[in-house]
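K.L.:
any chance you could fold what I've pasted below:
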Amino acid sequence: MITRLRNFIFRTLLKLLFKKEETIAETRATSKKSAKWMGKLPEGTIVEKTSIDDINAEWIYTSKANEDKVILYLHGGGYIIGSADTHRMPCASLTQSTNAKVLLLEYRLAPENPFPAALDDATSAYRWLLMQGFKSENIIIAGDSAGGGLSLALIQVLKEDGLPLPAGVICLSPWTDLTMGFDSHHSKATADPILRADNLQLWASSYVDNASPRNPLISPAFADFSGFPPLFIQVGSEEVLLDDSLQVAEKAKSAGVDVTLKVWEGLWHVWHTAGDFLPESRAAFEEIGEFVKRIEKN
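P.N.:
Next comes the predicted model:
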């Protein structure tokens, strides 16, 4: 009863904050406001600013983090918002659960910088990690929402360029179909307390620009997953992007990829950002930590 009541309150607050039609400028203002409510990072979290080819980034880790292992984190935000301020908290939870250093990248945003700017920045960051001496088997790519889709696009580029692939990919509520063609984009519209179809369409058109939304580097749901590293996906049962995860997981499995799909009943889009305020957020990061341990042994 307490869990249901708490989650109801969370959902109601999220609807009040996010579930409205907004221009990009309004969405950015809402995002900036919500970032101020993130609270303090867990005790012992270390944050170091850095830059990669003029792209701002942050190292987020604890004193216990393994210096040789890194998670390149690509934040969500529909390709039009998102920054270190909005995603420092989940990255702090990520470093705690995995004992890896997290590199949080502030890639360029649309509409000022449409496709392939974000993907180019993500590729540059991965190449930079290799040049810093990190071994590909000690790198994991992770991202939420648009960042989850971007993570899957990055693997495609690395394959095409013949670069060594990372040890695994972690996708949290990934946005993988910018054509908005999956059933859950409509069937979950009322249940989802955060995302609206009209806002998603605006964000998609801002990022896609003159390209085709069916381009697998934009919508990884249309990608060839053969040769992908192990893939871990978490998604809430009450979000419009549910099918974005289900379809990718099914397609990747059919291609022979090691896929772990976790559907969290009753939860919403990227509930992980609640940090320690939500027990389900802590539990989700514990699952991620178990996945990382498993692929480290292989």
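K.L.:
what lies in contact with the strand or helix carrying Ala122?
P.N.:
If you go by DSSP states H and E, Ala122 is part of helix 117-131. Helix 117-131 has contacts (Cβ atoms under 8 Å, 6 or more residues apart in numbering) with 52-53, 55, 57, 70, 72, 74, 79, 103, 105, 107-110, 136, 139, 141, 150-151, 153-154, 157-158, 161, 163-164, 166, 207, 217. The C-beta positions use only the backbone N, C-alpha and C, and glycine is treated the same way.
K.L.:
please give the number of neighbouring residues around Leu154.
P.N.:
Counted with other Cβ atoms under 10 Å, the burial measure for Leu154 works out to 27 neighbours.
K.L.:
can you tell me the average pLDDT over the one helix or strand it maps to?
P.N.:
For Leu154, the host element (DSSP H and E) is helix 146-161. Average pLDDT, helix 146-161: 98.
K.L.:
how much does it deviate in direction from helix 117-131?
P.N.:
Our comparison of helix 146-161 with helix 117-131, counting by axes from the mean of the first three to the mean of the last three Cα atoms, to 10 degrees, yields an angle of 60 degrees.
K.L.:
downstream neighbour of helix 146-161 in the secondary structure list?
P.N.:
By DSSP H and E, the next helix or strand past helix 146-161 is strand 168-172.
K.L.:
isn't Glu286 right up against Ser97?
P.N.:
Yes. At 6.1 Å, Glu286 counts as touching Ser97 under the criterion of Cβ atoms under 8 Å.
K.L.:
neighbour count for these two, which is higher?
P.N.:
Neighbour totals were compared for Glu286 and Ser97, and Ser97 leads with 19 against 12 (other Cβ under 10 Å).
K.L.:
can you map out the strands along this structure?
P.N.:
Taking DSSP state E to define them, one finds strands in the chain at 46-52, 55-61, 66-74, 100-105, 139-144, 168-172, 231-236, 259-264.
K.L.:
which pLDDT value goes with Leu14?
P.N.:
Reported pLDDT for Leu14: 64.
K.L.:
could you check how far the nearest residue to Ser63 once chain neighbours are set aside is from Leu217?
P.N.:
Nearest residue to Ser63, sequence neighbours excluded (Cβ to Cβ, 6 or more residues apart in numbering): Gly44, at 6.5 Å. For Gly44, the distance to Leu217 (Cβ to Cβ, to the nearest Å) stands at 38 Å.
K.L.:
Leu246 contacts Lys262, doesn't it?
P.N.:
No. Counting by Cβ under 8 Å, Leu246 stays clear of Lys262, with 11.5 Å between them.
K.L.:
common neighbours of the two, please.
P.N.:
By Cβ under 8 Å, 6+ apart, Leu246 and Lys262 have these common neighbours: Val235.
K.L.:
of the two, who's got more company?
P.N.:
Between Leu246 and Lys262, Leu246 has the larger neighbour count (other Cβ under 10 Å), namely 17 against 14.
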